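1. Dropping the sequence and predicted coords here.
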Amino acid sequence: MPFATLIVLAAVFVLPRRNSEPEIAAPLPIVQLALLTIAVFAASWGGVGDGVIATVIGMLAAIKLVALLVVVERKSKTTLLPRATFRHPGALGSLYATSALLAVTVTCTEIFLPLFLQDLHGRSPLEAGYIAAVMSAGWTAAAIFASGLQAKRRNIAVRVGPYLSLGSMVVLAAVLPITAPAGDWLPLTLICLALIAGGAGVGLAYPHLSAMVLRVAPPAQADNAASSIMTVQLCATAFGAAIAGLAVNLAGGGSSSGGMDVANAAMWLFVTVALAPLLCILVMRSNPFRTAIRQSGGDADN
């Protein structure tokens, strides 16, 4: 609440009260927003569904709704994303895909990490919360470090990021499920290093990917491109949370005692999350992404 109050005060004193250049408000993409909202609800319902059938139905419904969203987006005059997103060679689409996959990596990691740290490593809720925040610290530090990089070094940072996140997920999948007493600092040290690396991987790439979206998007759709960055991030966060819930529920439901098999859930969650940076690496090797690099002023071969 105190921070929210500061934001309100900043809005009152910093933002202009009137727009000096009157503009005609663009119509909202109501159909796309409705499809996206229902798709998120379907994925969330599938993630917490009672039984495999409910899970499969929820996820299939979410996939079909997203596919329908793409079809409507390509044909509609009022779009949620810039018009070139789903057109060949798909430069913008590749940038949105990599950004979304990196956001999924962070979301799926942080959402259940405090639970695993408490149940498997004997940490208090406060300690678990601070340890989970290490990933955000790695993201922030890497983003600050990479903010001034130009041309070749910037492209290297973007490409290295997913590899760091992938390595982080592999370490977490191997170490986090191992039950350790509170006084054993070796597993905790490995977990913290993995979290820092995973956050750093996102921090190295994500800000530059957002800037590349603005460079690649047509100038006439600059406002749409700017707002779409947050739209994609929020959608990735929502779907990432649903995927995390699905993985934990399916993997943790096999305990013989009737409760949750937390160790198995932890292992399979991070095995599942590792697919996000792996897919990100594959997208970055594609021709559309190389086209995006060239259009944003970089060298696609670096």
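-> That came in fine, so what should we check first? Residues are numbered from 1 along each chain as shown.

2. Quickly find the element holding the closest residue to residue 217 other than its chain neighbours.
-> Distance criterion CB to CB, 6 or more residues apart in numbering; nearest residue to residue 217, sequence neighbours excluded, is residue 225 at 3.5 Å. Any C-beta I mention is one placed from the backbone N, CA and C, and that applies to glycine too. Using DSSP states H and E, residue 225 maps to helix 222-252.

3. Which residues in that helix does the neighbour count mark as buried?
-> Neighbour-count burial for helix 222-252, counted by 16 or more other CB atoms under 10 Å, picks out 224-225, 228-229, 231-233, 235-252.

4. Please apply the same query to stretch 3-15.
-> Of the residues in stretch 3-15, none is buried (16+ other CB under 10 Å).

5. what's the average pLDDT for that stretch?
-> The average pLDDT within stretch 3-15 is 93.

6. Tell me how far residue 95 lies from residue 16.
-> 31 Å (CB to CB, to the nearest Å).

7. So these two - more neighbours on which side?
-> Neighbour count, other CB atoms under 10 Å: between residue 95 and residue 16, residue 95 has more, with 31 against 6.

8. residues contacting the more buried one?
-> 209, 212, 213, 216, 289, 292 (CB atoms under 8 Å, 6 or more residues apart in numbering).

9. Give me the residue ranges of the stretch 51-200 of the chain where confidence is low.
-> The stretch 51-200 of the chain contains residues with pLDDT under 70 at 51-52, 88-89, 182-183.

10. After the helix or strand hosting residue 94, which helix or strand is next?
-> With secondary structure defined by DSSP H and E, residue 94 is part of helix 91-121. Using DSSP H and E, the helix or strand that follows helix 91-121 in sequence is helix 125-146.

11. Report the angle between the helix or strand just after that following helix and helix 91-121.
-> Elements were assigned by DSSP H and E; along the chain past helix 125-146, the next helix or strand is helix 151-175. Orientation of helix 151-175 against helix 91-121 (axes from the mean of the first three to the mean of the last three CA atoms, to 10 degrees) gives an angle of 30 degrees.

12. which non-adjacent residue is nearest residue 93?
-> Residue 93 sits nearest to residue 85 (CB to CB, 6+ apart), 5.0 Å away.

13. Next up, phi/psi of the one you found, please.
-> phi -60, psi -40 (degrees, to the nearest 10).

14. Could you measure from it over to residue 195?
-> For residue 85, the distance to residue 195 - CB to CB - is 32 Å.

15. What of residue 291?
-> For residue 291, the distance to residue 195 - CB to CB - is 34 Å.

16. Same question for residue 112.
-> 13 Å.

17. more crowded one of these two?
-> Remark: of residue 112 and residue 195, residue 195 carries more neighbours, 26 against 23, as counted by other CB under 10 Å.

18. Work out for me the element that one sits within.
-> helix 185-216.

19. now residue 77, what's its secondary structure?
-> Three-state assignment for residue 77 (DSSP: H, G, I helix; E, B strand; the rest coil): coil.

20. what's near enough to touch residue 195?
-> 109, 113, 131, 132, 134, 135, 138, 168, 172.

21. switch the cut-off to 10 Å
-> Residues near residue 195 by CB atoms under 10 Å, 6 or more residues apart in numbering: 109-110, 113, 131-139, 168, 171-172, 176.

22. again with residue 1
-> No contacts exist for residue 1 under CB under 10 Å, 6+ apart.

23. Go through stretch 53-62 and flag the buried ones.
-> Result for stretch 53-62 [16+ other CB under 10 Å]: buried residues 55, 58, 59, 61, 62.

24. typed the wrong thing, it's stretch 195-206
-> Buried residues in stretch 195-206 (16+ other CB under 10 Å): 195, 196, 197, 198, 199, 200, 201, 202, 203, 204, 205, 206.

25. Next, the angle from the helix holding residue 195 to helix 125-146.
-> Using the same axes, to 10 degrees: helix 185-216 against helix 125-146 is 40 degrees.
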